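S.K.: how would this look folded up:
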Amino acid sequence: MAVQWLLVCHGLATLLVVVSFLCGQWPIFQGTFIHRIHYFITFGAYDYFLRFVGVVFGSKGTNAILSVENFCCNRPNPILQVVYLAIIGATYYFIVQSTFGYIPGYYLSGIHRYTSLLAVGVGVVLFLLTSFSDPGTINAENFSKYLSAYPYDDIIYFEKECSTCRIPKPARSKHCSICDRCVARFDHHCGWMNNCIGERNTRFFMAFLLWHFLLCMYGTVAIGLVLAGQLKELRVINILTVYYGIENSFRSLAPHVVQWLLGSYNTQLLLMVFLAIVSLLLAGFFSYHANLCITNTTTNETFKWEDYIQWQRKLNEAKASTAALKAGISGLNSEGKPQESKWKLFFRRSRLEDVEPVIKNNTYNKGILHNLHEIIFPLSSRHSFSQGKSKAG
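M.R.: Numbers count the residues shown, from 1 in each chain. Modelled structure (predicted):
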C-alpha cells in the first residue's frame, strides 16, 4: 500500500512541477505558489547554487560554473540531442521489457511489436532531419534573392545591415548569436535540435512535433489496451464481483481495479502517465506553432509585434492625453459660455477612452493555403528562386 501511495504522490509532484515550469508565468498564477515554484525552478535554484559555489569554492568555482553555462546555453553543443536520444531509447527499452511480454494480447496483435519500432525509427529520422538540415542560412551569395522573396513591411522590418555578417539583412531574418549566422524567416534556436528553426526546416520541425505527439499517444493507448487485456484475461472484474461481493458499478470497482493495477503493473502505469503528460505538452507546443504557420508568423515576430503594439498603444494614449489636456485648458479659458450641467460632465465620455485600437497588419499573411504552401515548399527550394540567381548574375 505504501508503494501505491508513493507512486500517486510521485505522479502529482511531477504534474505540479511540469505545470509550474510551463505555466507559472501566466497572469492567472501571479502571486500563487505555482508562480513561486516557477521562479525557483527557472531562476532561484540556479542563483542559490551559484551563491553556494561562490561561498565554498570562491570566484574560481563561480567562473567555472559560468563557463559551463556559456558552453551549454550560448554555444552550439549536442547535450540536449544526447538527452533526447537517451530519453527515447530508455523509454522504448522499458516499454519492451515491461509490456512486450503481453503482446499479442486480448486487444493487441503481435504486429505492434514491429510497428512500435518503426514509429520510433521515423521519429528519430525526423529528429535528424531537423537537426542537420540547413535552416535557411543567408550569405553573400544568396542575400539578394532573400531580399526579393521577403520585402520589408516598414512596420517591424526595415532596411538594415547585419552588423556581424556585414551583408544586407532581409526581412524576417535574424542573426543567431549561438549559431553565428543569419537565418531566413527565423523562428527560434532549438537547443534540442542544436540548430535554428528557419525557412528551410520549419516543415521538418512541425513534422517532428506532430509525429512525436502521435507516437506518445500511440504508446499511451497501446499500454492502456495491454492493461485492459490483462483485466479481461485474468477476469479481475468477475473475481471482484463474484468472490469479493463488490457491487458491479464503476464507482465501486474503480478503487479496487486501480489498487490491483498499481500493485501488479506499476511500471506500465508510470510509463503510460509519462507518455500521456508528454503528449499533452507536445500537443500544446504543436498547436502554438501550427497557429504561427497558418498566420505566416514566427516566434521571433510575435515578440516584435508585442513590442510594436505596446509602443503604438502608448503613443496613442499619449496623443489622447494631450488632446484631453488641450480640451481642458480651452474649457477653462472660455468665458461667457454657459456652464454645462455637472451631471453631463460626470457622465461625459472621457477623451482618454477614445484611444485608437492598434491593429496588427501582417503583410506576410496571404491566406491559410498560401501560408502552408510556403512552409511545406520553402521559397528558396523553388525553381523561381534559383532562376532569380541566374538573372541577377
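S.K.: helices of this protein, residue ranges please.
M.R.: 2-23, 33-39, 45-74, 79-99, 112-132, 143-149, 202-233, 236-242, 250-264, 266-294, 299-333, 342-347, 368-376, 383-392 (DSSP state H).
S.K.: could I get the ones you listed as a markdown table with mean pLDDT?
M.R.: What follows is these, written out as a markdown table (pLDDT from 0 to 100):
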| stretch | mean pLDDT |
| --- | --- |
| helix 2-23 | 73 |
| helix 33-39 | 88 |
| helix 45-74 | 88 |
| helix 79-99 | 95 |
| helix 112-132 | 96 |
| helix 143-149 | 92 |
| helix 202-233 | 95 |
| helix 236-242 | 80 |
| helix 250-264 | 81 |
| helix 266-294 | 92 |
| helix 299-333 | 81 |
| helix 342-347 | 52 |
| helix 368-376 | 95 |
| helix 383-392 | 61 |
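S.K.: right, so of those helices, which gets closest to Asp187?
M.R.: Shortest distance between Asp187 and the helices of the chain, using CB to CB, is found for helix 299-333: 5.0 Å. Where you see a C-beta, it was placed from the backbone N, CA and C, and this is true even at glycine.
S.K.: tell me how far Val68 lies from Asn77.
M.R.: 11 Å (CB to CB, to the nearest Å).
S.K.: higher neighbour count, these two?
M.R.: Asn77 (14 against 10; other CB atoms under 10 Å).
S.K.: roughly how far does that one sit from Gln312?
M.R.: 39 Å.
S.K.: picking that back up, dump the helices of the chain to CSV, plus distance to Asn361.
M.R.: As requested, these are exported to CSV (distance: least, CB to CB, whole Å):
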stretch, distance to Asn361
helix 2-23, 30
helix 33-39, 34
helix 45-74, 35
helix 79-99, 37
helix 112-132, 31
helix 143-149, 20
helix 202-233, 23
helix 236-242, 61
helix 250-264, 54
helix 266-294, 17
helix 299-333, 10
helix 342-347, 35
helix 368-376, 16
helix 383-392, 26
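S.K.: so for the chain, the centremost residue is which one?
M.R.: Phe285 (3.8 Å; CA atoms, centre = their mean).
S.K.: what about the residue nearest to that one when sequence neighbours are not counted, how many neighbours?
M.R.: Leaving aside its chain neighbours, Phe285 sits nearest to Leu209 (6.0 Å; criterion: CB to CB, 6 or more residues apart in numbering). When neighbours are defined as other CB under 10 Å, Leu209 has 20 of them.
S.K.: Leu209 contacts Tyr288, doesn't it?
M.R.: No: the criterion here is CB atoms under 8 Å, and Leu209 misses it with Tyr288 at 9.6 Å.
S.K.: distance check, the residue nearest to the centre of the chain against Glu159.
M.R.: According to CB to CB, Phe285 and Glu159 sit 34 Å apart.
S.K.: what's the answer for Gln230, then?
M.R.: 66 Å.
S.K.: do the same with Lys314
M.R.: 25 Å.
S.K.: what does Gly11 give?
M.R.: From Gly11 to Glu159 the distance is 54 Å (CB to CB).
S.K.: neighbour-wise, which of the two wins?
M.R.: More crowded of Gly11 and Glu159, by other CB under 10 Å: Gly11, with 15 against 12.
S.K.: that one touches Val273, doesn't it?
M.R.: Yes: under the criterion of CB under 8 Å, Gly11 makes contact with Val273 at 5.6 Å.
S.K.: measure how buried Leu147 is and give me the count.
M.R.: 19.
S.K.: cool, Thr298 as well?
M.R.: 23.
S.K.: where does it fall, phi/psi-wise?
M.R.: Thr298 has phi and psi values of phi -110, psi 160 when expressed as degrees, to the nearest 10.
S.K.: for it, what are its contacts?
M.R.: Contacts for Thr298 (CB atoms under 8 Å, 6 or more residues apart in numbering) come out as Arg172, Arg185, Phe186, Asp187, His188, Leu292.
S.K.: repeat that for 6 Å
M.R.: Taking CB atoms under 6 Å, 6 or more residues apart in numbering as the contact definition, Thr298 lies against Asp187.
S.K.: against Thr202, how distant is the residue lying closest to Ile178 once chain neighbours are set aside?
M.R.: Residue nearest to Ile178 in three dimensions, not counting chain neighbours: His189, with 5.2 Å by CB to CB, 6+ apart. In this view, His189 and Thr202 are 13 Å apart by CB to CB.
S.K.: okay, those two: which has more neighbours?
M.R.: The neighbour count for His189 versus Thr202, taken as other CB under 10 Å, is higher for Thr202 (23 against 20).
S.K.: mind listing what the more buried one touches?
M.R.: Ile375.
S.K.: go with 10 Å
M.R.: By CB atoms under 10 Å, 6 or more residues apart in numbering, Thr202 lies in contact with 130, 135-136, 185, 187, 289, 292-293, 298, 374-376, 378.
S.K.: restricted to buried residues, select those in ChimeraX.
M.R.: Remark: buried members of these, expressed as a ChimeraX selection using 16 or more other CB atoms under 10 Å:
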select :130,135,136,185,187,289,292,293,298,374,375,378
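S.K.: widest-spaced pair of the contacts of Thr202?
M.R.: Most distant of those, by CB to CB, are Thr130 and Glu374, 17.8 Å apart.
S.K.: pull the number of nearby residues for the residue nearest to Tyr308 when sequence neighbours are not counted.
M.R.: Nearest non-adjacent residue to Tyr308, counting by CB to CB, 6+ apart: Ile156, 5.5 Å away. For Ile156, the neighbour count with other CB under 10 Å is 19.
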